[in-house]
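1. coords below, sequence missing:
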């Protein structure tokens, strides 16, 4: 008998899926019936999740199912046509809102099963894709989206994001067969007639779990590069990239009931030249493919390979795939972060404008008409856009003479200028949580504005309103909004109650620690207020709130807050 552990149910499913086809084609023929459990899993690799509107529970009505459809956008680069088309799709097929994700992508919510194929086709017609936006593959490749045309370093990083995304794109033709074949041209084939293609990176069964990549700068870690499975931090002299420090093993999701699970920041593994970066990315993914846990999905991320086997072990596996040794990492640390909001010089005579979109939700709600405002500006000026990791949007290529009109258009639609927003609001993000996420324990996106309102009251009272304090909130411990690294992390624990984490930072360079558990929503600001007073009284020069909490430590903060 073999001593090898039994594969998980999803591993067996992938093995017989005919390269991620399964019975998706057959199930699409019954638009009123939800997808089966197995096909729900395979569909993630095609960029879509089946969800239920949980607001309807307990009403006596049948469950209301809908699909979340995610577009993969390397580096967050989006044309006017693409942005406007996504806005149209949210009205035609979604719930009327478009969401900017915490990983520089777009999400549509509430797409009915009967409209799923047309929605995915439309996304591909505008030259975006949902392929590998989710699932057991590499997902979106993130990098700083700033369009400073005079800065070759940022441009080179954006080019690298595109190259890595293309190199790690799944090669299965299931996506084309299921979603993109034109039924009207006579070219339609029976998707059950399966001929496998080579998957040079993923092999027969793809990855043990999802995989995430980020590219960053030491002075501006605006994409939280250390929270991903693989990170490249550019080492440069101000005008040219010498190479990249390679980080591996970051990850945010935990399962509180499983003590073997943990949140991590990535470890610095090696250095590579710009010419090697794509090859190194492929080797890291292959090494994870070969060493990841395929029996227990809760322990299947790369961070557990490194936690259990060690960084040296994993580096050796990467080097086996490269066929050579990797260079030692450079002694360069991450030191800064910028949200890129407000007006900035673009370096070519034009301007760019960072627009804060609270929690990424593009919608019209009373006097705040974000969707109408962006549609009007993009329709009139036709500029390219970029999506940020803090769920904002950057409007690019703006002529200086158009600045006043664009500012007026934003104000007319109720959208505040960056300088009129507090930094705590600008550096806050939240996951969607209820009502669409089946994992969510409690609210996140819908209550985050209230939490920030309450914290702003305390900051104003203490004359600290100008402080940059990052706050990330999730409705469950899976960590979609990266809650384990900011100054303040809020994680849903039970209905209406949260675990409060402190001591991280906006730069994303360390984990926060658990400060208080089971804090009611309405008491979050109150629980932090004594520490803000303590911070004001005893902070060191230029010390951030997270750095202060880290320096003081849990025991000291508990005494000061009266929570010990």
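-> Here it is on my side, so go on. Keep in mind that what you see is a predicted model, and the values were worked out from it rather than measured.
2. Report the residue spans of the stretch 301-450 of the chain with pLDDT below the cut-off.
-> Regions of the stretch 301-450 of the chain meeting the criterion pLDDT under 70 are absent.
3. Quick check: closest non-adjacent residue to the residue nearest to the spatial centre of the chain.
-> With distances taken as Cα atoms, centre = their mean, the chain has residue 103 as the residue nearest its mean C-alpha position (2.6 Å). Beyond its immediate neighbours in the sequence, the residue positioned closest to residue 103 (Cβ to Cβ, 6 or more residues apart in numbering) is residue 140, lying 5.1 Å away. All C-beta atoms are positioned from the backbone trio N, CA, C, and that covers glycine.
4. name the helices or strands packed onto the helix or strand harbouring the one you found?
-> Secondary-structure element containing residue 140, defined by DSSP states H and E: strand 138-143. In terms of contacts (3 or more Cβ pairs under 8 Å, 6 or more residues apart in numbering; DSSP states H and E), strand 138-143 is packed against helix 152-167, strand 211-216.
5. buried set for the longest one?
-> Residues of helix 152-167 classed as buried: 153-154, 156-158, 160-161, 164-165, 167 (neighbour count, 16 or more other Cβ atoms under 10 Å).
6. In TSV, list those along with distance to residue 238 and pLDDT.
-> As requested, the buried residues of helix 152-167 are arranged in TSV below (distance: Cβ to Cβ, whole Å; pLDDT from 0 to 100):
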residue	distance to residue 238	pLDDT
153	8	95
154	12	94
156	13	96
157	14	97
158	18	97
160	18	98
161	21	98
164	24	98
165	27	98
167	28	98
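7. Looking at those residues, which one is closest to residue 467?
-> Ranking the buried residues of helix 152-167 by separation from residue 467, with Cβ to Cβ as the measure, puts residue 154 on top at 27.3 Å.
8. Check the gap between that closest one and residue 222 for me.
-> If you measure residue 154 against residue 222 using Cβ to Cβ, to the nearest Å, the figure is 11 Å.
9. shared neighbours of these two, anything?
-> Residues touching both residue 154 and residue 222 (Cβ atoms under 8 Å, 6 or more residues apart in numbering) are 144, 146.
10. Quick one: residues contacting the residue nearest to the centre of the chain.
-> With contacts taken as Cβ under 8 Å, 6+ apart, residue 103 has the following neighbours: 139-140, 142, 212, 389.
11. Return a ChimeraX selection command for the buried portion of these.
-> What follows is the ChimeraX syntax for the buried subset of the contacts of residue 103, where burial is set by 16+ other Cβ under 10 Å:
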select :139,140,142,212,389
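12. Report the two of the contacts of residue 103 separated the most.
-> Taking Cβ to Cβ as the measure, the contacts of residue 103 span a maximum distance of 13.3 Å, between 139 and 389.
13. export the buried residues of helix 152-167 to CSV and tack on distance to residue 234?
-> Supplementary listing: the buried residues of helix 152-167 in CSV, determined by distance: Cβ to Cβ, whole Å:
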residue, distance to residue 234
153, 6
154, 9
156, 8
157, 6
158, 11
160, 9
161, 12
164, 13
165, 17
167, 18
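14. hang on, the earlier thing: next, the residue nearest to the centre of the chain: secondary structure please.
-> Of the three states, residue 103 takes coil under DSSP: H, G, I helix; E, B strand; the rest coil.
15. pLDDT wise, what is it at?
-> We note a pLDDT of 97 for residue 103 in this prediction.
16. how close does residue 452 sit to residue 92?
-> From residue 452 across to residue 92, the span is 32 Å (Cβ to Cβ).
17. Comparing these two, which residue is more hemmed in?
-> Ranked by neighbour count (other Cβ atoms under 10 Å), residue 452 and residue 92 place residue 452 first, with 24 against 15.
18. Could you point out which residue ranges in this structure have low pLDDT?
-> Along the chain, segments meeting pLDDT under 70 span 1-4, 183-192, 563-564.
19. can we see that at 90?
-> 1-5, 55-63, 148-151, 181-195, 238-239, 256-257, 561-564 (pLDDT under 90).
20. Would you map the helices across the stretch 451-564 of the chain?
-> Secondary structure of the stretch 451-564 of the chain by DSSP state H, counting those that start in this stretch: the helices cover 524-538, 545-552, 554-561.
21. List the contacts of the last one.
-> With contact meaning Cβ under 8 Å, 6+ apart, helix 554-561 is reached by 502, 513-516, 527, 530-531, 534, 549, 552, 564.
22. of these, closest to residue 422?
-> residue 531 (17.9 Å).
23. What are the phi and psi values at the closest residue to residue 248 other than its chain neighbours?
-> Take residue 248 and drop its neighbours on the chain: the residue closest to it by Cβ to Cβ, 6+ apart is residue 269, 5.0 Å away. The phi and psi values for residue 269, taken as degrees, to the nearest 10, are phi -100, psi -40.
24. List the contacts of residue 269.
-> Shown in contact with residue 269 (Cβ under 8 Å, 6+ apart): 246-248, 311, 314-315, 318, 326, 329.
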